[in-house]
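Provide a 3D model corresponding to the input given below.
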Amino acid sequence: MTDLTALDRRSHRLALLVAATFFMEYLDTTVVATALPQMAQSFHVGPNDLSMGMSAYMLALAVFIPVSGWIADRFGTRTVFAGAIALFTIASVLCGLSNSTGEFTAARLLQGLGGAMMVPVGRMIVVRNTDKSRLIQAISTITWPAIMAPVIAPPLGGFITDAASWRWIFLINVPLGLIAIACVFAMVRNERDEAQRGLDLVGFLLSGGALVCLMCGTELASRESGGTVVPLSLMAAAVIVGVGSYWHAARHPHPLVDYALLKVPTFSVTVVSGSLSRVGINAVPYLMPLLFQIVFGMSAFRSGLILLVSALGNFGMKALTTPSMKHLGFRLTCLLGVGGSAVFTIACGLLRPDTLIWITLVVVFMYGAMRSLTFSTLATLAYVDMDKPRMGAASTIWSTAQQMTIGMGIAFGALSLRGATLFNHGGGGPGHPHTLVEFRWAFFACGIVTLLSLPGFLRMARDAGHAVGGGAGATR
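Below you'll find the predicted structure:
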């Protein structure tokens, strides 16, 4: 009993350490948008000129997340995880010291490389060092940064920018990074794959190429200026190259991206159906501040405060997520979370400037609660039927899907709003201010996309996740 308790304590400490690094990375992914006007003023350019810095970060993630598992197995999880945190911290300093768009873009590219190594390897460390009986609690711990960061980032970024300077958004990572590196060397074992498999270079190029085309295509499609030929061409290229990646992996003895893992039903549903859910849900933190500021006439600060109510919903549901998975089972919990997220996403679009404030707060709170329930359940379900030797490969695919759907959610929200504006105003859509009706259709589109993922969860076995304690009565 003593050894088991000590093992439990160690896995809990590892989960907390990884969660802290995840929060640092996820926050930097979303907080930059708040400071763009001040950064543009410092660089003597327009805010749109800094979009390359935002894109560079996401492109680095797209290219290097798939190879992170191989690097960790080759050089050791502790070495790679600590190195990724160090690289991310150094890049944060370079971002904070940038004086031009070029310098900032290069620093963000380097920061994205660090983030691409940090997130999947951190998740790999947790799932490999946690007994399946405690997997639900461990995954719940490392999931909250992805849930909280998008709603905390806008008010936090605004506060730091107003109180000090936009540079401190990045420089604040320095003490956090140094503490995290010290903890990694004190707590993490340097586990590696003794087989020392060679790098699947073709698989690396194909997977990276498909993800880059997908990210560039969705980002360009979401812009109000520009045509549709290039974005659609890039998306088509992403599909073609992605099929090539799948074909190559099926014939390679040790593929970089092991698509065979998708034959595990519980893992497959989190990657395929779960990605569709996350795209719709992740669009809301982008649309909601715009609705409150553009249509409701709120200040950025007041809008941010209302978004914090969503964070309270996240925190409130966190205490109920584990009991829900244990007593209701993964299948029913997924259906409740995804269905509830879709309902309250659509409800956000039904809010009006004259809606009673308590009704607005309830809708925002419930959206945050359903978002938390969905994301925490999916993150745990991905590993419930995965054996230890394949945890690393599963972590790579899961991290890629999770990171990509953050950017794709924002792009889908912008694309939905753009489509509603064009439909409402014809060819002159981009030149007109957005109206309540347009936001209503955008939220509706996001809710529908989320609902479209429900059939995948309906096909799940009733006792899915029973091996890790999910659903005491699931087999009844």
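
Now residue 245: which helix or strand?
Element membership for residue 245, per DSSP states H and E: helix 229-251.

And that helix, what's buried?
Neighbour counts using 16 or more other C-beta atoms under 10 Å place 231, 234, 235, 237, 238, 241, 242, 244, 245, 246, 248, 249 of helix 229-251 among the buried residues. Backbone N, C-alpha and C define where each C-beta goes, glycine included.

Redo those as a markdown table? Include pLDDT and distance to residue 455.
As requested, the buried residues of helix 229-251 are exported to a markdown table (pLDDT from 0 to 100; distance: C-beta to C-beta, whole Å):
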| residue | pLDDT | distance to residue 455 |
| --- | --- | --- |
| 231 | 84 | 28 |
| 234 | 91 | 28 |
| 235 | 89 | 23 |
| 237 | 94 | 28 |
| 238 | 92 | 24 |
| 241 | 94 | 27 |
| 242 | 92 | 22 |
| 244 | 95 | 28 |
| 245 | 93 | 26 |
| 246 | 92 | 22 |
| 248 | 94 | 30 |
| 249 | 91 | 26 |
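
Format those residues as a markdown table; extra columns: distance to residue 80.
Compiled in a markdown table, those are given as follows (distance: C-beta to C-beta, whole Å):
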| residue | distance to residue 80 |
| --- | --- |
| 231 | 34 |
| 234 | 31 |
| 235 | 32 |
| 237 | 31 |
| 238 | 27 |
| 241 | 26 |
| 242 | 26 |
| 244 | 28 |
| 245 | 23 |
| 246 | 26 |
| 248 | 25 |
| 249 | 22 |
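
Tell me the one of those residues nearest residue 294?
The nearest member of the buried residues of helix 229-251 to residue 294, counting by C-beta to C-beta, is residue 231 at 24.0 Å.

Enumerate every residue touching the residue nearest to that closest one when sequence neighbours are not counted.
If you skip the residues right next to it in sequence, residue 231 has residue 221 as its closest partner in space, 3.8 Å away by C-beta to C-beta, 6 or more residues apart in numbering. By C-beta atoms under 8 Å, 6 or more residues apart in numbering, the contact set of residue 221 is 228, 231, 232, 235, 411, 415.

Report the rounded mean pLDDT for the strand or helix carrying residue 92.
For residue 92, the host element (DSSP H and E) is helix 77-96. When pLDDT is averaged along helix 77-96, the result is 94.

And stretch 361-369, by the same measure?
Per-residue pLDDT over stretch 361-369 has a mean of 94.

Buried residues, that stretch. List them.
Along stretch 361-369, the positions that meet the burial threshold by neighbour count (16+ other C-beta under 10 Å) are 363, 364, 365, 366, 367, 368, 369.

Include secondary structure when you put these into TSV, please.
Putting these into TSV (DSSP: H, G, I helix; E, B strand; the rest coil) gives the following:
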residue	secondary structure
363	helix
364	helix
365	helix
366	helix
367	helix
368	helix
369	helix
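
Show me the two of those residues that sit farthest apart.
Among those, the pair separated by the greatest distance (C-beta to C-beta) is 363 and 369, at 10.9 Å.

which stretches of the stretch 201-350 of the chain aren't confidently modelled?
Low-confidence segments of the stretch 201-350 of the chain, defined by pLDDT under 70: 222-227, 300-301.

Could you rerun that using 80?
In the predicted model of the stretch 201-350 of the chain, residues 218-228, 299-305, 315, 318-319 satisfy pLDDT under 80.

For the lengthiest helix in the chain, name the packing helices and strands.
Of all the segments assigned as helix in the chain under DSSP state H, the longest by residue count is helix 2-43. Here helix 2-43 touches helix 51-75, helix 77-96, helix 101-128, helix 135-163, helix 168-171, helix 173-187, helix 391-425, going by 3 or more C-beta pairs under 8 Å, 6 or more residues apart in numbering; DSSP states H and E.

nearest to residue 320, of those helices?
Proximity of the helices and strands packed on helix 2-43 to residue 320 was assessed by C-beta to C-beta; the nearest stretch is helix 135-163, lying at 10.8 Å.

angle of the helix holding residue 245 against helix 51-75?
Taking axes from the mean of the first three to the mean of the last three C-alpha atoms, to 10 degrees, one finds that helix 229-251 is oriented at 10 degrees with respect to helix 51-75.

so how far is helix 229-251 off the chain centroid?
Using C-alpha atoms, centre = their mean, to the nearest Å, we find the averaged C-alpha position of helix 229-251 to lie 22 Å away from the chain's own average C-alpha position.

and the helix holding residue 92, what other elements does it pack with?
By 3+ C-beta pairs under 8 Å, 6+ apart, helix 77-96 packs against helix 2-43, helix 51-75, helix 101-128, helix 168-171, helix 173-187.

how many degrees apart are the host helix or strand of the residue nearest to residue 231 and helix 391-425 in direction?
Following DSSP H and E, the helix or strand that holds residue 221 is helix 201-222. In this structure, helix 201-222 runs at an angle of 20 degrees to helix 391-425, with the same axes, to 10 degrees as the basis.

Which residues in helix 201-222 does the neighbour count mark as buried?
Across helix 201-222, burial judged by 16+ other C-beta under 10 Å covers 203-222.

again with stretch 286-294
Taking 16+ other C-beta under 10 Å as the neighbour-count basis, stretch 286-294 is seen to contain the buried residues 286, 287, 288, 289, 290, 291, 292, 294.

surely the first one meets residue 408?
No: Residue 286 lies out of contact with residue 408 (C-beta atoms under 8 Å); the separation is 11.1 Å.

So for stretch 62-72, mean pLDDT?
86.

in it, what counts as buried?
Buried residues in stretch 62-72, defined by neighbour count with 16+ other C-beta under 10 Å: 62, 63, 64, 65, 66, 67, 68, 69, 70, 71, 72.

again with stretch 336-345
Residues of stretch 336-345 classed as buried under the neighbour-count rule (16+ other C-beta under 10 Å) are 336, 337, 338, 339, 340, 341, 342, 343, 344, 345.
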